[in-house]
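S.K.: Test case, fold it:
(one chain, ligands or ions: 1)
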Amino acid sequence: MSQFNLDTCHIIDLPKITDSRGNLTFVEGGRHIPFDIKRTYYLYDVPGGAERGGHAHKGLHQLIIAISGAFDIVLDDGHRKQRYHLNRSYFGLYVCPMIWREMDNFSSGAVCLVLASNLYDEADYYRDYADFIAAASK
Ligand code: TYD
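M.R.: Numbers count the residues shown, from 1 in each chain. Now for the predicted structure:
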């Protein structure tokens, strides 16, 4: 069984500087999240009813934030599944390696920011669920 499981994934309450001029949230790699940040990417203009994700990573750590709007993420460690609803720009969902994720229920105008521990590498993906389950149960 993989050393990583759903218990390792959790919501991180990010620092929030409230100000009448507008609030500010920041994230420091290795300090607020358990990895150094090497890459960031974001999903936007997601059409209603679309689903994203549908893969797992072998070694990548990620923090997923609903910077604007809302969406759901279902995490699956091969044994259990858990659905998270993200709708605050100061909450991040830490997703450790070896977790299959599906994302859906994107609100209109939702923006999903992802902070990642490594550069893009297609070899780090499981894109086939059966392959993931086989690896997760080793
Ligand atoms: P993918 O990770 O499958 O997106 P999602 O999890 O949001 O459904 O990536 C979609 C495409 O974008 C795929 O062809 C790989 C490419 N891509 C990059 O080139 N660099 C990146 O950093 C990411 C995340 C994806």
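
S.K.: Against the ligand, how distant is the closest residue to residue 24 other than its chain neighbours?
M.R.: Computed as CB to CB, 6 or more residues apart in numbering, the closest residue to residue 24 that is not its neighbour in sequence is residue 17, at 4.3 Å. No exception for glycine: its C-beta is placed from N, CA and C like everyone else's. Separation of residue 17 from the ligand (CB to the nearest ligand atom, to the nearest Å): 29 Å.

S.K.: what does residue 33 give?
M.R.: Counting by CB to the nearest ligand atom, the gap from residue 33 to the ligand is 17 Å.

S.K.: Contacts only, for the residue nearest to that residue when sequence neighbours are not counted.
M.R.: Nearest non-adjacent residue to residue 33, counting by CB to CB, 6+ apart: residue 63, 5.0 Å away. Shown in contact with residue 63 (CB atoms under 8 Å, 6 or more residues apart in numbering): 12, 27, 33, 92-95, 114-115.

S.K.: Assumed residue 134 was part of a helix.
M.R.: Yes - applying DSSP: H, G, I helix; E, B strand; the rest coil, one finds residue 134 inside a helix.

S.K.: pLDDT at it, what is it?
M.R.: If you check residue 134, the pLDDT there is 96.

S.K.: residues near it, how many?
M.R.: 12 (other CB atoms under 10 Å).

S.K.: can you give me how far the host helix or strand of residue 66 is from the chain middle?
M.R.: Take DSSP states H and E as the rule and residue 66 turns out to sit in strand 62-68. A distance of 7 Å separates the centroid of the chain from that of strand 62-68, by CA atoms, centre = their mean, to the nearest Å.

S.K.: buried stuff in that strand?
M.R.: Neighbour-count burial for strand 62-68, with 16 or more other CB atoms under 10 Å as criterion, is recorded at 62-67.

S.K.: Now for the residue nearest to the spatial centre of the chain: which residues touch it?
M.R.: In the chain, the centroid-proximal residue (CA atoms, centre = their mean) is residue 64; its distance is 3.5 Å. The contact partners of residue 64, taken as CB under 8 Å, 6+ apart, are 73, 86, 92-93, 95, 112-114.
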